[in-house]
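# sequence plus predicted model, see below.
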Amino acid sequence: MTIIKDDYGKEYKVLDLNAFKKHLEQYHSVNGKGDGSVHEENGYWFCITEEFYDFVMGL
């Protein structure tokens, strides 16, 4: 399990990191970079910036 902070500073427990990464890659990126879209998961909000995308993919 991995813990990351959402845009509001709330700690989110990512139960399946590979699935989380795959979702970001499929729906929130363009050419391997975060596309600036917003991902909501279980009441946690994440703006998928290039920096956030790179951070998650590096986990």
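Good, I have the coordinates. Residues are numbered from 1 along each chain as shown.
# which ones are touching the nearest residue to Asp54 once chain neighbours are set aside?
Of all residues not flanking Asp54 in the chain, Gly34 sits nearest, at 7.4 Å (C-beta to C-beta, 6 or more residues apart in numbering). Glycine gets a C-beta too; all of them are placed from N, C-alpha and C. Shown in contact with Gly34 (C-beta atoms under 8 Å, 6 or more residues apart in numbering): Leu24, His28, Ile48, Thr49, Glu50, Glu51, Phe52, Tyr53, Asp54.
# reformat those residues as TSV; add secondary structure and pLDDT.
Conversion of the contacts of Gly34 to TSV gives the following (DSSP: H, G, I helix; E, B strand; the rest coil; pLDDT from 0 to 100):
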residue	secondary structure	pLDDT
Leu24	helix	98
His28	coil	98
Ile48	coil	98
Thr49	coil	98
Glu50	helix	97
Glu51	helix	97
Phe52	helix	98
Tyr53	helix	98
Asp54	helix	98
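# can you redo the residues you listed as CSV with distance to Asp6 and neighbour count?
Conversion of these to CSV gives the following (distance: C-beta to C-beta, whole Å; neighbours: other C-beta atoms under 10 Å):
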residue, distance to Asp6, neighbour count
Leu24, 13, 20
His28, 14, 21
Ile48, 12, 19
Thr49, 13, 16
Glu50, 17, 13
Glu51, 14, 11
Phe52, 10, 18
Tyr53, 14, 21
Asp54, 17, 12
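# closest to Lys5 among these?
Distance to Lys5 across these (C-beta to C-beta) is lowest for Phe52, with 10.2 Å.
# please put the alpha-carbon coordinates of stretch 33-53 into CSV.
What follows is stretch 33-53, C-alpha atoms only, in CSV (Å, rounded to 0.1, in the frame of the first residue of the first chain):
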residue,chain,number,x,y,z
LYS,A,33,3.0,13.5,-19.5
GLY,A,34,0.3,14.5,-17.1
ASP,A,35,-2.4,16.4,-19.1
GLY,A,36,-3.7,18.8,-16.3
SER,A,37,-7.0,17.0,-15.9
VAL,A,38,-8.5,16.2,-12.5
HIS,A,39,-8.8,12.7,-11.2
GLU,A,40,-11.3,12.0,-8.4
GLU,A,41,-11.1,8.8,-6.4
ASN,A,42,-13.2,7.9,-3.3
GLY,A,43,-13.5,11.6,-2.4
TYR,A,44,-9.9,12.5,-3.0
TRP,A,45,-8.9,14.9,-5.8
PHE,A,46,-5.7,15.0,-7.8
CYS,A,47,-4.8,17.5,-10.5
ILE,A,48,-2.6,15.4,-12.9
THR,A,49,0.2,17.9,-13.6
GLU,A,50,3.4,16.7,-15.2
GLU,A,51,5.1,16.8,-11.8
PHE,A,52,2.4,14.7,-10.1
TYR,A,53,2.3,12.3,-13.0
